[in-house]
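**Student:** Fold the following, please.
(chains A, B, C and D)
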There are 2 protein chains.
Amino acid sequence: MTALAFSEGLMDSRTLAASVNTNPVVIRRLVRGLRQAKLVETYAGKHGGAQLRRKPREISLLDIYDAVQRRPVIAINERKAWKHCAVSCHMKGIMSSVADGAEQAVRAHLRGITLKQLLRQIC
Amino acid sequence: MTALAFSEGLMDSRTLAASVNTNPVVIRRLVRGLRQAKLVETYAGKHGGAQLRRKPREISLLDIYDAVQRRPVIAINERKAWKHCAVSCHMKGIMSSVADGAEQAVRAHLRGITLKQLLRQIC
DNA sequence: GTATATGTAATTAAAACAATTACAGTTTAC
DNA sequence: GTAAACTGTAATTGTTTTAATTACATATAC
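**Tutor:** Model (predicted):
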């Protein structure tokens, strides 16, 4: 996303992949999430590629995180509790709220950073 | 750790494993980290096991997190940068500080929760 | 119509993680 | 002093997750 902001235009998945040192298909899979979140628009065909739909100043890292993230910051134990153990029976609920708090803390941090800010550190 | 606080004494790895629904060896591996962090003490031999070294009120979730955690909240891309791309060359540094901020946010949250507080939600 | 893109499913490979086995060392109880 | 019940840890195997790659249908520019 920083590369897209930097380029100020279309970039194809091959170039983006080179920048991250991975495979174009990996990029296209991530771009799908970003497109669904309306952060980028993509074009097929010759001279196709992806570009931002909003100004870097208007895209936060939280927007990107929500668009591509899959797993929570703190995962909770999903196994069955041991019925004879009061602690075991309560832990899922207790840890869920702990994990939720951690998630919110990270989200608040990411909400405060925009692509524009990252860009300023390069230019 | 909540189970140890609840029991107010020694618990063996077999019982702890039953509570978490896993294998005793998995517990013993986690306990090693907790022991190195001086959060618990363990005893070998018959009637052995683990118990807390401090009061639940004096153990924060951050203490536990530091003792057993392995991977950062946000991992950064460790691949080689693409020399011809200014963004690629700067991203590692930029993302490191973003990841660091997220880590600090989670740590601040966990620092504010003690085992005692978790215990209160059970008793 | 050919070259160059994306979109996506399917497959393979790699890495991380948990489970299990095995066994040496420790402590208790008798 | 020896059997029983623990911990400590290395080694192995199995499972799950993730990334990489292949394949090909579809779209667009010229």
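**Student:** contacts, neighbours, all on C-alpha from now
**Tutor:** OK.
**Student:** I'd like the average pLDDT over stretch A:112-123.
**Tutor:** For stretch A:112-123, mean pLDDT rounds to 96.
**Student:** Counting neighbours, what do you get for residue A:95?
**Tutor:** 16 (other CA atoms under 10 Å in any protein chain shown).
**Student:** Which single residue of chain A ends up nearest DNA strand D?
**Tutor:** residue A:45 (3.1 Å; CA to the nearest atom of the strand).
**Student:** Which strands and helices lie in contact with the helix or strand containing residue A:14?
**Tutor:** In this assignment (DSSP states H and E), residue A:14 forms part of helix A:13-20. Identification of packing neighbours for helix A:13-20 by 3 or more CA pairs under 8 Å, 6 or more residues apart in numbering or on different chains; DSSP states H and E yields helix A:24-36, helix B:86-111.
**Student:** repeat that for 10 Å
**Tutor:** For helix A:13-20, the elements it packs on are helix A:2-7, helix A:24-36, strand A:49-52, helix B:86-111, judged by 3 or more CA pairs under 10 Å, 6 or more residues apart in numbering or on different chains; DSSP states H and E.
**Student:** Look at the spatially most central residue of chain A and report its pLDDT.
**Tutor:** By CA atoms, centre = their mean, chain A has its centre lying nearest to residue A:65, at 2.5 Å. For residue A:65, the pLDDT comes out at 94.
**Student:** For it, give me its contacts.
**Tutor:** By CA atoms under 10 Å, 6 or more residues apart in numbering or on different chains, residue A:65 lies in contact with A:34, A:107, A:110-111.
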